[in-house]
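Peer 1: Okay, predicted coordinates and the sequence, questions at the end:
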Amino acid sequence: MYSKIAINNIKKSYKDYTIYFLTLILAVCIFYSFNSMDSKKALVQMKASNRNYISKLTDIISALSIFVSIILGSLILYANNFLIKRRKKELGIYMTLGMGKRKISRILVTETFIVGVVSLISGIILGIGAAQGLSIFILKVLDVGINEYRFTVSTSAICKTILYFGIMFLIVMIFNVFLISKYKIIDLLTSSRKNEDIKFKNPFIYLLAFILCVTSLGFAYKTVLKVGMDLRSPMFILSIALVILGTVLFFFSLAGFILYIVNKNKKIYFKGLNIFIIKQINSKVNTNFISMSLICLMLFITMVVLSTGISAKKDFEEGLKKRAPFDASIIINNDNEKNNIEDILNKINFKISKNEKYEVYNEYDTKVKVRNLFTDTIDGNFIKISDYNKMLKLKGEKEINLNKNEVLILSNYNKNVKEINEKLKNDNKVHIKEREYLVKNHRAIEENLYNFVISYNFCTIVINDEFLSDYKISKSLLNIMYSDKNREENNEKYNKIYKDSINGKYRSLNSPYINAFSKDDIYFGAKRGGTSVLFVGIYLGMVFLIASTAVLALQQLSEASDSIERYKALKRIGANKKMIDKTIFAQTFIYFSLPVILALIHSVVGIAVINDYFSLLKQTNSSCSVIITILIFIVIYVGYFYITYVEYKNIVKSNI
């Protein structure tokens, strides 16, 4: 009997469940698809290095899933509370007819169970389809063939999804039983008649709060733009705290401040049903300023995480030619000139095959300061023109001739590149050891002279050989180009040097540092790093976006339930359906717009700070990622807005 009542209740209230079902299905879909990567056949058949990467990425996603489940669990509780609130009168009638609280609790538990099962099944089915696309996307970004790919279903991900969401629904059931035990019949029957009083403090308080809001946000933006992404700086931490404070003050002051301003303009205030719309908006913002602040901050995080996650992947992969111009490089910090690089390689039993072409060049410890190229004085790395030409020849490029009074300036550190280029626009002379040299290149040559995981060439000066004849070698580098097709076997040799260096096997040698990097390892490392940031960003961003929009939607639908008597009054004084629909659209649109507008302002500053931080090492262009983020936002945010608007109208229409 209880199951039949529960099913009939769900059928009867399916419109109320639309947002609830949509949110649950999307949450289950996202949760399953991101936790199912390890089961794909194509992923399992990857080479060992990629399998290890997928395993680590899966571990990261699993750890994040605990945090995600807390967010989604809180969201489900919030949504369930809304549904219970909508049905107080119905529950009161059950009690009036003699049904005990225990039996009512059984009905609610059964409803929750049915909703949970339907949502889980629907979400997992949708998630299975989404997971296939996700897996194919991983294979493509890692440049792995998908010919052997087969459609698969992750049993472990299904079990994990059922376990996590099962716990969430169990908590909801317990919460419902607790709520019913606390309710009284009189409160349930009269809940629809209780209108929320709109209490406003002195307008001066709201004005003061708004001024403090603008001041704190302005100071926070200015500070964080100045200090950048220095997580250890007290000013950075202070700016984050001020952003949070400013956000709370914004929504606290908004209700009274807007009402006060609009009241001064009687033409706007008394036009149409504006007075009703303004009071409706202010009543909710005044009551929910804390939740609105949290929603705004979550939307801000979503925008930053999604846009920077997408751009970070792109930036990780771009500029690989600059970071890795050779097939492999060996780096040796050589403090003892008696040990040349070939002798050191013999000591570690490393042999270069006949099918590998290589050249050696040295960097010199000159202690010469480069002053007039940069704002701050820095140490310049110096190399001989003869060594530089060997590197050009190895890459198949044309050699360069330098006169004794000429130099070349190399750099791919973005901050230095900008300063060098600015300097060379107006003056192509540089002073080195109190002697003037002409810079032959009109712009900084942006390249690494050896393979490295990042753009690490701060400033390298190519100069005539005689200048460096009296200086000691500080670093020796051996660059290699493969002439055969056996890249994996060649890469493994240099990867072994890298691993041995990390494990400390070269500490007994006179050289304090030996390392090696192959182009392919740097390339795949960039792919994996960018993919990890992208997937974590999408996972968290989508969860935060769904949670934020769902809460906004539920708050508006709760407002619809609370305002039925007000809409009845509007109808009695002559407002027609078109006018009422217009008020519903206006307040829903404004309510959805307020947090996203402030979040957008926050994110413009946040993205600028993050891009500035990464641009020190590479040129960034986040326009594409911003467009993609906007598209994702439009699809989900506008979708929730439209469904909320339609449901709001249905609630009002069915009750007046």
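Peer 2: Received, thanks. Everything quoted here is computed from the prediction, not taken from an experiment. Residues are numbered from 1 along each chain as shown.

Peer 1: So what's the residue count around residue 428?
Peer 2: Neighbour count for residue 428, taken as other C-beta atoms under 10 Å: 15. Heads up, the C-betas are built off the backbone N, CA and C, glycines and all.

Peer 1: Please name the bridge partners of the residue nearest to it when sequence neighbours are not counted.
Peer 2: Computed as C-beta to C-beta, 6 or more residues apart in numbering, the closest residue to residue 428 that is not its neighbour in sequence is residue 439, at 4.7 Å. With DSSP bridges as the criterion, residue 439 is bridged to residue 407.

Peer 1: and the closest residue to residue 429 other than its chain neighbours, helix, strand or coil?
Peer 2: Nearest non-adjacent residue to residue 429, counting by C-beta to C-beta, 6+ apart: residue 436, 5.4 Å away. Recorded secondary structure, residue 436: strand (DSSP: H, G, I helix; E, B strand; the rest coil).

Peer 1: Tell me who's in contact with residue 436.
Peer 2: Contacts for residue 436 (C-beta atoms under 8 Å, 6 or more residues apart in numbering) come out as 405, 429-430.

Peer 1: export whichever strand or helix holds residue 423 as CSV, just CAs?
Peer 2: For residue 423, the enclosing helix or strand under DSSP states H and E is helix 414-426. In CSV, the C-alpha atoms belonging to helix 414-426 read as follows (Å, rounded to 0.1, in the frame of the first residue of the first chain):
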residue,chain,number,x,y,z
ASN,A,414,58.2,35.6,-21.5
LYS,A,415,58.8,38.5,-19.1
ASN,A,416,62.4,38.8,-20.3
VAL,A,417,61.4,38.5,-24.0
LYS,A,418,59.1,41.4,-23.7
GLU,A,419,61.8,43.6,-22.1
ILE,A,420,64.4,42.6,-24.6
ASN,A,421,62.1,43.3,-27.6
GLU,A,422,61.1,46.6,-26.1
LYS,A,423,64.7,47.5,-25.7
LEU,A,424,65.7,46.4,-29.2
LYS,A,425,63.0,48.5,-30.8
ASN,A,426,64.8,51.7,-29.7
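
Peer 1: Highest neighbour count among the contacts of residue 436?
Peer 2: Within the contacts of residue 436, most neighbours by other C-beta under 10 Å means residue 430, with 21 neighbours.

Peer 1: Mind listing the residues bridging to that one?
Peer 2: Applying DSSP bridges, one finds that residue 430 bridges with residue 437.

Peer 1: Just give me how far the helix holding residue 423 sits from the chain centre.
Peer 2: In terms of C-alpha atoms, centre = their mean, to the nearest Å, the centre of helix 414-426 is set 32 Å apart from its chain centre.

Peer 1: before we move on, back to that, how near is the residue nearest to residue 428 to residue 634?
Peer 2: Separation of residue 439 from residue 634 (C-beta to C-beta, to the nearest Å) stands at 49 Å.

Peer 1: Mind checking which of the two has more residues around it?
Peer 2: Using other C-beta under 10 Å, the more surrounded residue of residue 439 and residue 634 is residue 439, with 20 against 10.

Peer 1: returning to what we had before: JSON lines for the contacts of residue 436, including distance to residue 177?
Peer 2: Converted to JSON lines, the contacts of residue 436 look like this (distance: C-beta to C-beta, whole Å):
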{"residue": "405", "distance to residue 177": "88"}
{"residue": "429", "distance to residue 177": "83"}
{"residue": "430", "distance to residue 177": "79"}
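
Peer 1: Ramachandran angles for the most centrally placed residue in the chain?
Peer 2: Per C-alpha atoms, centre = their mean, the C-alpha nearest to the average position across the chain is that of residue 305, at 1.6 Å. Here is the backbone geometry of residue 305 (degrees, to the nearest 10): phi -60, psi -50.

Peer 1: contacting residues around it?
Peer 2: 537, 540-541, 544.

Peer 1: These into CSV, with extra columns for neighbour count?
Peer 2: Shown next, in CSV, are the contacts of residue 305 (neighbours: other C-beta atoms under 10 Å):
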residue, neighbour count
537, 23
540, 19
541, 23
544, 22
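
Peer 1: for those, which one is nearest residue 110?
Peer 2: Of all these, residue 544 has the smallest distance to residue 110: 31.9 Å, by C-beta to C-beta.

Peer 1: where does the closest residue to that closest one other than its chain neighbours land on pLDDT?
Peer 2: Excluding the flanking residues, the one nearest residue 544 by C-beta to C-beta, 6+ apart is residue 302, at 4.3 Å. On pLDDT, residue 302 comes in at 84.

Peer 1: Helix, strand, or coil at residue 302?
Peer 2: helix.

Peer 1: Does it touch residue 537 like I think?
Peer 2: No - using C-beta atoms under 8 Å, residue 302 is not in contact with residue 537, being 9.4 Å away.

Peer 1: so for stretch 532-550, what's the average pLDDT?
Peer 2: When pLDDT is averaged over stretch 532-550, the result is 81.

Peer 1: Other residues contacting that stretch?
Peer 2: By C-beta under 8 Å, 6+ apart, stretch 532-550 touches 19, 23, 26-27, 30, 34, 57, 60-61, 64, 68, 71-72, 74-75, 79, 138, 141, 295, 298-299, 301-302, 305-306, 308-310, 312-313, 316, 592, 595, 632-633, 636-637, 640-641.

Peer 1: how does this structure divide up, domain by domain?
Peer 2: 1-194, 196-287, 321-524 (automatic domain parsing).

Peer 1: Including distance to residue 628, could the ones you listed go into a markdown table?
Peer 2: Shown next, in a markdown table, are the domains of the chain (distance: least, C-beta to C-beta, whole Å):
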| stretch | distance to residue 628 |
| --- | --- |
| domain 1-194 | 13 |
| domain 196-287 | 22 |
| domain 321-524 | 23 |
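
Peer 1: of all those, which lies closest to residue 645?
Peer 2: The closest of the domains of the chain to residue 645 is domain 1-194. By C-beta to C-beta, the value is 11.5 Å.

Peer 1: which stretch of helix or strand covers the closest residue to residue 116 other than its chain neighbours?
Peer 2: Of all residues not flanking residue 116 in the chain, residue 169 sits nearest, at 4.0 Å (C-beta to C-beta, 6+ apart). Using DSSP H and E, residue 169 sits in helix 155-182.

Peer 1: picking up where we left off before, what residues are up against the residue nearest to residue 544?
Peer 2: If you count contacts by C-beta under 8 Å, 6+ apart, then residue 302 has 540-541, 544-545, 548, 599, 633 around it.

Peer 1: mind showing which ranges of the stretch 551-656 of the chain have poor pLDDT?
Peer 2: For the stretch 551-656 of the chain, the stretches flagged by pLDDT under 70 are 614-626.

Peer 1: For residue 592, which non-adjacent residue is closest in space?
Peer 2: The shortest distance from residue 592 to any non-neighbouring residue, by C-beta to C-beta, 6+ apart, is to residue 641 (4.9 Å).

Peer 1: What's the local residue count around that neighbour?
Peer 2: Other residues close to residue 641 by other C-beta under 10 Å number 21.

Peer 1: swap in residue 536?
Peer 2: Residue 536 has 17 neighbours, counted by other C-beta under 10 Å.

Peer 1: Downstream of the helix or strand hosting it, the next helix or strand is which one?
Peer 2: Using DSSP H and E, residue 536 maps to helix 519-562. Counting by DSSP H and E, the element after helix 519-562 in chain order, helix or strand, is helix 564-572.

Peer 1: just checking, what packs against that next one?
Peer 2: With contacts defined as 3 or more C-beta pairs under 8 Å, 6 or more residues apart in numbering; DSSP states H and E, helix 564-572 has these neighbours: helix 274-287, helix 577-614, helix 639-653.

Peer 1: in the second one, what counts as buried?
Peer 2: When burial is assessed from 16 or more other C-beta atoms under 10 Å, helix 577-614 yields the following buried residues: 580, 583-584, 586-588, 591-592, 594-596, 598-600, 602-603, 605-607, 609-611, 614.

Peer 1: tell me the angle of it relative to helix 564-572?
Peer 2: 130 degrees (axes from the mean of the first three to the mean of the last three C-alpha atoms, to 10 degrees).
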